[in-house]
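Visitor: just need the structure, nothing else, for what follows:
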Amino acid sequence: MLILRSVVASLAGLSVVAATVVCGPGLLDYVIVQRFKNGCAIALCLVGLEVADIVTDAPTLTIIVVSLALAVNRGEIGDE
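Guide: Below you'll find the predicted structure:
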């Protein structure tokens with residue numbers, strides 16, 4: 001079971017990286033990068049806490065998605 005979870009986690013990470021590479025240039029026009037970096041830093045802290053068994057159910061992927069949603073510059077989208 002542990003191997004299956006590891007494979008699923010690695011595939012999820014790989015898919016996020018692939019999506020970033022494919023969509024990255026277009027996203028840079030609409031995303032405030034500093035806001036997204038802050039959200040990802042919080043998610044990385046939660047990963048560390050989860051590995052150390054301090055936090056058991058960290059919603060890391062949810063935090064990354066929410067930080068991306070909050071990093072969107074709505075003014076840029078409305079200008080088109």
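Visitor: the helix ranked longest in the chain: what's the following helix or strand?
Guide: Assignment by DSSP state H gives helix 2-27 as the longest helix of the chain. Remark: after helix 2-27, the chain's next helix or strand is helix 33-51, criterion DSSP states H and E.
Visitor: which neighbouring elements make contact with that next one?
Guide: helix 60-71 (3 or more C-beta pairs under 8 Å, 6 or more residues apart in numbering; DSSP states H and E). For the C-beta atoms, the positions are set from N, CA and C on the backbone; glycine is no exception.
Visitor: now the helix it packs on: average pLDDT?
Guide: Helix 60-71 shows a mean pLDDT of 75 in the predicted model.
Visitor: which residues are contacting it?
Guide: Surrounding helix 60-71, the residues in contact under the criterion C-beta atoms under 8 Å, 6 or more residues apart in numbering are 12, 16, 31-33, 35-36, 38-40, 42-43, 46-47, 50.
Visitor: pull the most distant pair out of the residues you listed.
Guide: Farthest-apart pair in the contacts of helix 60-71 is 32 and 50; separation 27.1 Å (C-beta to C-beta).
Visitor: what is the least confident helix or strand in this structure?
Guide: helix 74-78 (a mean of 63; mean pLDDT, DSSP states H and E).
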